[in-house]
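K.L.:
Next come a sequence and a model predicted from it.
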Number of protein chains: 2
Amino acid sequence: MAVLARLDRVRAHVHAASLDALVVTHLPNVRYLTGFTGTAGALVLLPDRCLLMVDFRYATAAQDLIASLPTGAIVIETVPQTYDAAIVDVLRRESSRRIGIEAAWLSVSRFNAMSSGLAAGTPTPLRASGPTPVLVATERLIERARMIKDAEEVEAIREGGRRISEIARRLADFVAPGRREDEIAAELDSAIRAAGFSRPAFETIVASGPNSALPHARPTGRRLEAGDSTVLDFGGIYEGYCVDLTRTVQLGAPSAALRQLYQAVAKAHEAAVAAVRPGVRPSAIDAAARDVLVQHGLGEAFGHGTGHGIGLEIHEDPRIGREMPGLPDAPVEPGMIFTIEPGAYLPGTGGVRIEDDVLVTADGCELLTDAPQLMMIDL
Amino acid sequence: MAVLARLDRVRAHVHAASLDALVVTHLPNVRYLTGFTGTAGALVLLPDRCLLMVDFRYATAAQDLIASLPTGAIVIETVPQTYDAAIVDVLRRESSRRIGIEAAWLSVSRFNAMSSGLAAGTPTPLRASGPTPVLVATERLIERARMIKDAEEVEAIREGGRRISEIARRLADFVAPGRREDEIAAELDSAIRAAGFSRPAFETIVASGPNSALPHARPTGRRLEAGDSTVLDFGGIYEGYCVDLTRTVQLGAPSAALRQLYQAVAKAHEAAVAAVRPGVRPSAIDAAARDVLVQHGLGEAFGHGTGHGIGLEIHEDPRIGREMPGLPDAPVEPGMIFTIEPGAYLPGTGGVRIEDDVLVTADGCELLTDAPQLMMIDL
């Protein structure tokens, strides 16, 4: 019944924002609040009810889903034509006036269509007697709740972390001189499925030699060579929840430049993990890693953030990065789960990244992934 | 140099809409116009230049990309902090006044952030002397161009169709009583990669027995049984382009009800394919399939549309479905590629769907996928 507690929590935020209704169109948010896993759907959260809107394709699945909940907790509405028209019809029927929308996820097109639908549907006498319905942009209303994982979520991610770590400990079996990046990526994907994940959480990265200097390289037909550093960044979705892990495997002796990258990134990773505890701002965790790299003369070589939240999505709040105007940097809290993934990249030479997933605890953090940080393969 | 022709075509539309600039934020559209394949990026199309905006992670890849184009055709701008701030900076620098945005893809949050950034950045004297910059919602500006595939695109999809068809012809090797849906799906995914696709184009559907009545079921642990119809819906991405194919495999003798579904869906599929030629409205192609199913008393059992465009995305224009207010239904043209996928679903009994990909030609259509329509396995 975790979804009922989540619905209550979000409904309190909706009430606090003086909204009569919240239209939830971002699917991971719909899933969070209902358990619905379809590829289309929407939720209209009213003061006293929660309407799950699905089309023909998902009517049966949605009915099965709510059968396990107390009667009336979630009500299914089938969408006859388009979602937007159906949402407008519901809001008219309910005479909702201040209607929250998810500004980060609703497109300008859909916003405009709903706005004019609501305006068109307000009969003249009602317009005279009360305010016209208005769509209110809300930001991160459900995402803020999702940052703090509940027991069920922690359990899913902990188990996912355990399973992805088992694969990480076997990386030496996947990597060898002469093997192609894309071949290794396909084998990792198979291993991820075989480990009980429903699928990889994102497109697996296998970047070797010069390609390892591209933080988000896609696997190519390049064959690994002695001396290469190879960045392997992969994850899986377990019971709907994402885990994410990176290790860099060294084939044979590293060059002096690469050796320095390994040492600096390992220290940066250690410093960031040590900085994680309730009350610390994400930007301070990022600074812990970044300062180490700067001290090693690698400040410019670390161009991305130190981490990101994981959960129903592979990238979610909190963002663990430099303080930036307009972006949230609220102190981390127990129950948050995010990656710690410093890296350093030297074009032409190669790159190193080490990534683990951590759960913020009452007084520090718990590592949810566990594999040797540095993997050197003697040739 | 296909991208240069595409840029010219879209720039003409931008000019016709009296826009000084078009901000392209939908990644498949960025890819279409530049060849850029990163997971983040944006394009600002100006009257005389095209700025590809990428962050640190993709700077190297973007430089490599434009190296193959005539000098200056596309210029790279590196994004120092957020994309929206960088886009606003460019638009200010260029003194753009009427700025098109992609309303279907830009979120309300980003629209608001860009709007206020542009307003804040306009110095008071300039505001007095000229109009404030305004963001203009555009719809389907690039999508309309993308509907008509050029020679390079047709070749990629034709080859993808050939490769996915080879897998479809071997479906009897994957399906047998006692095998699990999720196990078959994983094997299909491996076969898709082994056939040279970069990855499956969507989550492979294997839906057996009663599950086959759910048009978008996800593979479960259910084991196939004698008498089952099993819907297998799968696709791959070949050189960036999606193909999509469905066959329904019958294990052992079908029930009388299933037999009727197979016959009706095969006829509906045949009627829809026969209806495809330039000048015909998508709703008429849909009606060709739907009328057959209605004649068989299966109108209610066919709850989805007859097809959808494929290309850089697995669902794109044109939509082959019933005429609906507000949705486009312009006649199909040579060079369009879409699926034809009628189905019929009887809850409790099972479902049947047959899907092929077609290219509209000068006087009809070419089937890009080719496998036996009905696959009956004797037990």
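P.N.:
Nice, thanks for sending it over. Residues are numbered from 1 along each chain as shown, chains lettered A, B, ... in the order given.
K.L.:
From now on I want contacts and neighbour counts done on CA atoms only, so please keep to that.
P.N.:
Will do.
K.L.:
these two touch, right, A:Leu379 and A:Gln250?
P.N.:
No - under the criterion of CA atoms under 8 Å, A:Leu379 is not in contact with A:Gln250, lying 10.1 Å apart.
K.L.:
When the two are compared, which one has more neighbours?
P.N.:
Neighbours were counted for A:Leu379 and for A:Gln250 using other CA atoms under 10 Å in any protein chain shown; A:Gln250 has more, 27 against 10.
K.L.:
tell me the SS of that one?
P.N.:
strand (DSSP: H, G, I helix; E, B strand; the rest coil).
K.L.:
ok, the closest residue to A:Pro80 other than its chain neighbours - contacts?
P.N.:
Distances taken as CA to CA, 6 or more residues apart in numbering or on different chains place A:Asp55 nearest to A:Pro80, at 6.8 Å, with adjacent residues excluded. Counting by CA atoms under 8 Å, 6 or more residues apart in numbering or on different chains, A:Asp55 touches A:40-41, A:78-80.
K.L.:
could I get those as JSON lines with pLDDT and neighbour count?
P.N.:
What follows is the contacts of A:Asp55, written out as JSON lines (pLDDT from 0 to 100; neighbours: other CA atoms under 10 Å in any protein chain shown):
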{"residue": "A:Ala40", "pLDDT": "92", "neighbour count": "16"}
{"residue": "A:Gly41", "pLDDT": "95", "neighbour count": "22"}
{"residue": "A:Thr78", "pLDDT": "92", "neighbour count": "19"}
{"residue": "A:Val79", "pLDDT": "93", "neighbour count": "19"}
{"residue": "A:Pro80", "pLDDT": "87", "neighbour count": "12"}
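K.L.:
can you tell me which of those are in strands?
P.N.:
With DSSP state E as the criterion, strands contain A:78-79 from among the contacts of A:Asp55.
K.L.:
ok, A:Ser109 touching B:Ile101?
P.N.:
No - A:Ser109 is beyond contact range of B:Ile101, at 10.5 Å (criterion: CA under 8 Å).
K.L.:
Show me which residues of stretch A:38-50 are buried.
P.N.:
Under the neighbour-count criterion of 16 or more other CA atoms under 10 Å in any protein chain shown, stretch A:38-50 has A:38, A:40-46, A:50 buried.
K.L.:
Just the endpoints, please. Distance across that stretch?
P.N.:
This stretch, stretch A:38-50, spans 17 Å end to end (CA to CA, to the nearest Å).
K.L.:
Other residues contacting that stretch?
P.N.:
Identification of contacts with stretch A:38-50 by CA under 8 Å, 6+ apart yields A:11, A:15, A:20-27, A:30, A:51-55, A:58, A:72-75, A:83, A:87.
K.L.:
Please narrow those to those residing in strands.
P.N.:
Filtering the contacts of stretch A:38-50 for strands - DSSP E - leaves A:21-24, A:51-55, A:75.
K.L.:
In ChimeraX, select just the buried ones from these.
P.N.:
Remark: buried members of these, expressed as a ChimeraX selection using 16+ other CA under 10 Å:
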select /A:21,22,23,24,51,52,53,54,55,75
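K.L.:
In the stretch 1-150 of chain A, what residue lies closest to chain B?
P.N.:
A:Ser107 (4.2 Å; CA to the nearest CA).
K.L.:
How many residues are close by that residue?
P.N.:
A:Ser107: 21 neighbours (other CA under 10 Å).
K.L.:
for A:Thr82, same thing?
P.N.:
Residue neighbour count, defined by other CA under 10 Å, stands at 12 for A:Thr82.
K.L.:
can you give me the helices for the stretch 251-379 of chain A?
P.N.:
Using DSSP state H, counting those that start in this stretch, the helices of the stretch 251-379 of chain A run over residues A:256-275, A:282-295.
K.L.:
which parts of the stretch 51-200 of chain A sit against chain B?
P.N.:
Proximity of the stretch 51-200 of chain A to chain B, by CA under 8 Å from any CA of the partner chain, involves residues A:56-58, A:60, A:81, A:103-111, A:137, A:139, A:186, A:190, A:193.
K.L.:
Narrow the residues you listed to those in helices?
P.N.:
Members of those lying in helices (criterion: DSSP state H): A:60, A:108-111, A:186, A:190, A:193.
K.L.:
Single out whichever of the residues you listed has the smallest pLDDT.
P.N.:
Lowest-confidence member of those: A:Thr60, scoring 84 (pLDDT).
K.L.:
what about it, distance to B:Leu346?
P.N.:
A:Thr60 sits 11 Å away from B:Leu346, going by CA to CA.
K.L.:
between these two, who's got more neighbours?
P.N.:
Using other CA under 10 Å as the criterion, A:Thr60 and B:Leu346 rank with B:Leu346 on top: 19 against 14.
K.L.:
mind listing what A:Ile310 touches?
P.N.:
Contact analysis of A:Ile310 by CA under 8 Å, 6+ apart lists A:241-244, A:316-317, A:337-339.
K.L.:
Kindly state the beta-bridge partners for the nearest residue to A:Pro282 once chain neighbours are set aside.
P.N.:
What sits nearest to A:Pro282 in space, not counting adjacent residues and going by CA to CA, 6+ apart, is A:Ile320, at 4.7 Å. Judged by DSSP bridges, the bridge partners of A:Ile320 are A:Gly307.
K.L.:
Doesn't A:Gly236 lie inside a helix?
P.N.:
No - counting by three-state DSSP, A:Gly236 is not found in a helix; it is strand.
K.L.:
shouldn't it be in contact with A:Ile167?
P.N.:
No - with contact defined as CA under 8 Å, A:Gly236 and A:Ile167 do not form a contacting pair (10.8 Å).
K.L.:
shared neighbours, those two?
P.N.:
Overlap of the contact sets of A:Gly236 and A:Ile167 (by CA under 8 Å, 6+ apart) consists of A:Ile192.
K.L.:
Looking at those two, which is more packed in?
P.N.:
Comparing A:Gly236 with A:Ile167 by other CA under 10 Å, the one with more neighbours is A:Gly236, at 29 against 19.
K.L.:
Next one: the more buried one, what pLDDT does it get?
P.N.:
Looking at A:Gly236, its pLDDT is 98.
K.L.:
In contact with it, which residues are there?
P.N.:
A:Gly236 sits next to A:160, A:164, A:192-193, A:197-202, A:242-244 when contact means CA under 8 Å, 6+ apart.
K.L.:
and the closest residue to A:Arg179 other than its chain neighbours, what does it touch?
P.N.:
Closest residue in space to A:Arg179, ignoring its immediate chain neighbours: A:Arg223 at 5.1 Å, by CA to CA, 6+ apart. By CA under 8 Å, 6+ apart, the contact set of A:Arg223 is A:177-181.
K.L.:
cool, and A:Ile192?
P.N.:
Neighbouring residues of A:Ile192 by CA under 8 Å, 6+ apart: A:164, A:167, A:199-200, A:235-236.
K.L.:
just A:Met375 next, same as before
P.N.:
A:172, A:247-250.
K.L.:
Any idea what the residue nearest to A:Arg179 is bridged to?
P.N.:
Bridge pairing for A:Arg223 - DSSP bridges - gives A:Arg180.
K.L.:
Weed out the non-buried ones from the residues of the stretch 51-200 of chain A next to chain B.
P.N.:
Among these, those classed as buried by 16+ other CA under 10 Å are A:56-58, A:103-111, A:137, A:186, A:190, A:193.
K.L.:
and the contacts of A:Met375 as CSV, adding pLDDT?
P.N.:
Listed next are those as CSV, based on pLDDT from 0 to 100:
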residue, pLDDT
A:Ala172, 95
A:Arg247, 98
A:Thr248, 97
A:Val249, 97
A:Gln250, 97
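K.L.:
could the residues you listed be laid out in CSV, adding distance to A:Gly307?
P.N.:
Formatted as CSV, those follow (distance: CA to CA, whole Å):
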residue, distance to A:Gly307
A:Ala172, 25
A:Arg247, 15
A:Thr248, 17
A:Val249, 20
A:Gln250, 23
